[in-house]
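Asker: sequence first, predicted model second:
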Amino acid sequence: MPLFFYSALFLMYPETRALFPVSMATQRDRLVSALGRVVSNVDHVEDVVPFLQQLGRDHRKFAVVTQHYPAVGQALLATLQHFLGDRWTPALANDWTQAYGLVAKVMTEAAEEAAATTPPWWDGEIIMHEPRAPGIAVIRARLNYPYPFRAGQFASISVGLRPRMWRFYSFANAPRRDNTIDLHVRVVDGGAVSTALVHGAQRGDALKIGAPLGDRLTLDTNLPKDLLLIAGGTGLAPLKALVEQVAYEGARCNIRLFVGARTSRELYDIEALSKLDAEHPWLSVVPVVSHDGLYRGERGYVVDVALKAWRGQEVFVCGSEEMVQSTIARLLDAGVPAEQIRFDEFTSAGGREQ
């Protein structure tokens, strides 16, 4: 279905091809996800209005404008007609035409509203690129002007080596006065953007940064609660940002940060974390290694080690999709209330390469 849709779109409106990356594989996967959500709610479009609004705002980074929506609508209807065959009736075509009209209206209005206050993306320049472990790099970029984000948020990132390709990455820092952001990037299988960022990017290279997203891992320090943070791999990034936020705003809680990795070599940020631990009495950093028999520190799965320290704290979890799902299941089995577990849904959204 995605292949047919894009073929129809590019044949009917060849000028739209320039909006998309050379490789369409990931874009097709995202289309299936987005269309599936709309299709499953076609009789209750109002239920997906927030999703459509965010989709409209986010598509500004692809240089999508109002005039492109009719083209997408025609390609979508042609695709549905092709796959439904005799089941594609005039009445069904009319229903879908009206539904898509509402979808386009919601997306364009959200995009126009966002355009009044924010650019489609911010430009940044890499000022630090440090390989920290095999396949892992820590990158610092300075943005061209102030970027209004919160610790714990993420954004879509594009690098000049992979034009028009965007992937989600969390910020590893709280907002700073010098407009810099830190990214922790691990190469993933088939990850064109992560590979370019880790192995190809260097100081002076340009980045594009989309608008900040997500609030599930953000923290209100006006409501102080002790925290237990569980990080897997580069899922450390947003949790480290929370630690920075607490340090900047003045500690009103105690934090225990458990950092999991397969081997000691993959504890790529341990030097910086140890320094934070030494500077702040309210912070305790515990590295945990699962597959390294020579490691002398805590060994095992990070969630099991962290559970030994759980005393009713609010729990934040970030890592790969597999790590997050298994960690949450283990926490629930151990009696941690679901309402005290915070994790970001984008870790399983398919667009994240971290």
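Answerer: Here it is on my side, so go on. The structure displayed is predicted, hence computed values, not measured ones.

Asker: what residue ranges in this structure score low on pLDDT?
Answerer: 21-36, 39, 42, 45, 346-354 (pLDDT under 70).

Asker: which elements pack onto the lengthiest strand in it?
Answerer: As assigned by DSSP state E, the longest strand anywhere in the chain is strand 122-133. Judged by 3 or more CB pairs under 8 Å, 6 or more residues apart in numbering; DSSP states H and E, strand 122-133 is in contact with strand 136-143, strand 206-209. Every residue, glycine included, has its C-beta placed from N, CA and C.

Asker: between those strands, which gets nearest to residue 94?
Answerer: Set against residue 94 and scored by CB to CB, the helices and strands packed on strand 122-133 come closest in strand 206-209, at 39.8 Å.

Asker: how far out from the middle of the chain is the closest one?
Answerer: Put simply, strand 206-209 sits 15 Å off its chain's centre (CA atoms, centre = their mean, to the nearest Å).

Asker: paired strands for that strand, with orientation please.
Answerer: strand 122-133 (antiparallel), strand 154-159 (antiparallel) (DSSP bridges).

Asker: residues of the first one that come out buried?
Answerer: Meaning strand 122-133. 122, 124, 126, 129, 132, 133 (16 or more other CB atoms under 10 Å).

Asker: contacts only, for the third one.
Answerer: Remark: with contacts taken as CB atoms under 8 Å, 6 or more residues apart in numbering, residue 126 is in contact with 139, 140, 141, 201, 202, 203, 204, 205, 206, 207.

Asker: taking those, tell me the two that lie furthest apart.
Answerer: 140 and 206 (14.0 Å).

Asker: more neighbours, the two?
Answerer: residue 140 (19 against 15; other CB atoms under 10 Å).

Asker: if you count contacts, what does the helix or strand hosting residue 194 end up packed against?
Answerer: Assessed by DSSP states H and E, residue 194 sits inside helix 192-195. Helix 192-195 is packed against strand 154-159, with contacts defined by 3+ CB pairs under 8 Å, 6+ apart.

Asker: ok now the helix or strand that the strand it packs on is followed by, how far from the chain's centre?
Answerer: Remark: after strand 154-159, the chain's next helix or strand is strand 167-170, criterion DSSP H and E. In terms of CA atoms, centre = their mean, the centre of strand 167-170 is found 4 Å from the chain centre.

Asker: what lies in contact with whatever helix or strand comes next after strand 167-170?
Answerer: Toward the C-terminus, strand 167-170 is succeeded by strand 180-186 as the next helix or strand (DSSP H and E). Contact partners of strand 180-186, identified using CB under 8 Å, 6+ apart, comprise 124, 127, 135-143, 147, 149, 157, 169-173, 194, 197-198, 209, 233-234, 236-237, 268-269, 353-354.

Asker: okay, now the sheet partners of strand 180-186, with direction.
Answerer: In the sheet, strand 180-186 lines up with strand 136-143 (antiparallel) (DSSP bridges).

Asker: how distant is the partner strand from the center of its chain?
Answerer: 16 Å.

Asker: how about that strand as PDB, C-alpha atoms only?
Answerer: Extracted in PDB, the C-alpha atoms of strand 136-143 (Å, rounded to 0.1, in the frame of the first residue of the first chain):
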ATOM      1  CA  ILE A 136      28.500   5.700  20.300                       C
ATOM      2  CA  ALA A 137      29.200   9.500  20.100                       C
ATOM      3  CA  VAL A 138      28.400  12.500  22.200                       C
ATOM      4  CA  ILE A 139      27.700  15.600  20.100                       C
ATOM      5  CA  ARG A 140      27.300  19.200  21.100                       C
ATOM      6  CA  ALA A 141      25.700  21.700  18.700                       C
ATOM      7  CA  ARG A 142      25.100  25.500  19.100                       C
ATOM      8  CA  LEU A 143      21.800  26.700  17.700                       C
END
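
Asker: what comes up buried for the helix holding residue 194?
Answerer: Result for helix 192-195 [16+ other CB under 10 Å]: buried residues 192, 193, 194, 195.

Asker: go ahead and confirm the second one touches residue 168.
Answerer: No. At 9.7 Å, residue 193 and residue 168 do not qualify as touching, with contact defined as CB atoms under 8 Å.

Asker: can you pull out the helices in the stretch 201-350 of the chain?
Answerer: 236-249, 270-279, 302-307, 321-333 (DSSP state H, counting those that start in this stretch).

Asker: need those in TSV (columns: mean neighbour count).
Answerer: Shown next, in TSV, are the helices of the stretch 201-350 of the chain (neighbours: other CB atoms under 10 Å):
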stretch	mean neighbour count
helix 236-249	22
helix 270-279	14
helix 302-307	22
helix 321-333	16
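
Asker: what's the closest of those to residue 19?
Answerer: Using CB to CB, those put helix 321-333 closest to residue 19, at 28.3 Å.

Asker: I'd like to know which elements the closest one is packed against.
Answerer: By 3+ CB pairs under 8 Å, 6+ apart, helix 321-333 packs against strand 227-232, helix 302-307, strand 314-318, strand 341-343.

Asker: distance from the first one to the middle of the chain?
Answerer: Between the centre of strand 227-232 and the centre of its chain there are 17 Å (CA atoms, centre = their mean).

Asker: what do you get for the shortest one?
Answerer: Taking the mean of its C-alpha atoms, strand 341-343 sits 15 Å from the chain's own mean (CA atoms, centre = their mean).

Asker: thinking again about what came up before, now the helices and strands packed on strand 122-133 in TSV, with distance to residue 333?
Answerer: Listed next are the helices and strands packed on strand 122-133 as TSV, based on distance: least, CB to CB, whole Å:
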stretch	distance to residue 333
strand 136-143	30
strand 206-209	38
